[in-house]
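*Asks:* A predicted structure for the sequence below; I have some questions about it.
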Amino acid sequence: MKAAGRLDDLREAYVRNHPESCARHERAQAWMPGGNTRSVLHFDPFPLVIASGRADMLTDVDGYEYIDCAGEFSAGLYGHSDPVIVAALHEVLDNGLVLSGPNTAESELAELLCRRFPSLERLRFCNSGTEANLFALLTAIDATGRKRVLVFEDAYHGGVLTFAGGGSPMNVPFDFVTASFNDIESARASVKRHEDDLAAILVEPLLGAAGNIPAEAAFLAMLREEATRCGAVLIFDEVKTSRLGRAGLQGHYGIVPDMTTLGKNISARACPLAHSAARGP
Ligand SMILES: Cc1ncc(COP(=O)(O)O)c(C=O)c1O
């Protein structure tokens, strides 16, 4: 059988075997554009609607079970019922949520993270990685009195900070200039060209969405040097990479940015590199 015919058969079987997912997707489309609020979760003809998760398994609304290889696209690496995490969540629920005052856990977590990351003197909690990057950029713009922000082609810093394929019409209207990731000479030239109005350089030490391309150490060192020279704020987006070492990738490279954004899971537990390097809290 030709590959196209086989694909059609598989597609028909998928539709036939998942009537509840199909019905729920159709209903959801009436109330949410595309039927969900996270476009990466969509695939044609309709995505599986997941009913529950346990350990490393997922169950969809039609009763099929799957091994969860997505791990919430890297934010859920501990699976769905890690006993330590479940116990901590129960403790939080038992003690009451949203207490209208500073709570006891936030300053402990802030201290733990500041002790780990040399670039963190103090920390502000936000609701998402996107929001963390927005706060960092707005802080840099305010602190420097400048407007321009250097970012890198194909970087993803959040739903309104996406630079694949020349950027997105949904990006926040900041004054962005882009340069090529890991291209030392052209990035240095961009900094020099814009240095009088350059508020910030925002960079992932590993270009995640573009295919997990690690930064060259010399590239990051050049950004550090140029940011210091011209007074721009160097921001490392470690929303995805913080777990790759005890002090994220900045610890691995030995480069201290001016600001760091963290998100997803902040942990060293799942990472062999961090296990071997683990010391202290
Ligand atoms: C490098 C990077 N920065 C920022 C974000 C945005 O984080 P959030 O989805 O929590 O807004 C992501 C999300 O995948 C990311 O990979």
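*Replies:* Noted; the coordinates are in hand.

*Asks:* I'd like to know how far residue 71 sits from residue 207.
*Replies:* Distance, residue 71 to residue 207, using CB to CB, to the nearest Å: 20 Å. Every residue, glycine included, has its C-beta placed from N, CA and C.

*Asks:* my read: residue 249 touches residue 241, true?
*Replies:* Yes - between residue 249 and residue 241 a contact is recorded at 4.4 Å, counting by CB atoms under 8 Å.

*Asks:* Now do the shared contacts for these two.
*Replies:* The contact sets of residue 249 and residue 241 overlap at 205-206 (CB atoms under 8 Å, 6 or more residues apart in numbering).

*Asks:* ok, how many other residues are close to residue 77?
*Replies:* Neighbourhood size, residue 77 [other CB atoms under 10 Å]: 15.

*Asks:* how would you label it: helix, strand or coil?
*Replies:* Going by DSSP: H, G, I helix; E, B strand; the rest coil, the secondary structure assigned to residue 77 is coil.

*Asks:* dump the residue contacts of the residue of the stretch 51-200 of the chain found nearest the ligand.
*Replies:* Closest residue of the stretch 51-200 of the chain to the ligand, CB to the nearest ligand atom: residue 129 (2.4 Å). By CB under 8 Å, 6+ apart, the contact list for residue 129 reads 157-158, 237, 239, 261-264.

*Asks:* As CSV, could you dump the C-alpha coordinates of stretch 79-95?
*Replies:* Taking C-alpha atoms only, stretch 79-95 is exported to CSV below (Å, rounded to 0.1, in the frame of the first residue of the first chain):
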residue,chain,number,x,y,z
GLY,A,79,5.4,13.0,35.9
HIS,A,80,2.0,13.3,37.4
SER,A,81,2.1,11.9,40.9
ASP,A,82,5.6,12.3,42.4
PRO,A,83,5.0,11.7,46.1
VAL,A,84,7.2,14.5,47.3
ILE,A,85,5.4,17.0,45.0
VAL,A,86,1.9,15.6,45.9
ALA,A,87,2.6,15.8,49.6
ALA,A,88,3.8,19.4,49.2
LEU,A,89,0.7,20.4,47.3
HIS,A,90,-1.5,18.8,49.9
GLU,A,91,0.3,20.7,52.6
VAL,A,92,-0.3,24.0,50.8
LEU,A,93,-4.0,23.2,50.2
ASP,A,94,-4.4,22.2,53.9
ASN,A,95,-2.9,25.5,55.0
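
*Asks:* For it, buried residues please.
*Replies:* Across stretch 79-95, burial judged by 16 or more other CB atoms under 10 Å covers 79-80.

*Asks:* Quick check: mean pLDDT of that stretch?
*Replies:* Averaging pLDDT along stretch 79-95 yields 93.

*Asks:* Okay then, goodbye and thanks.
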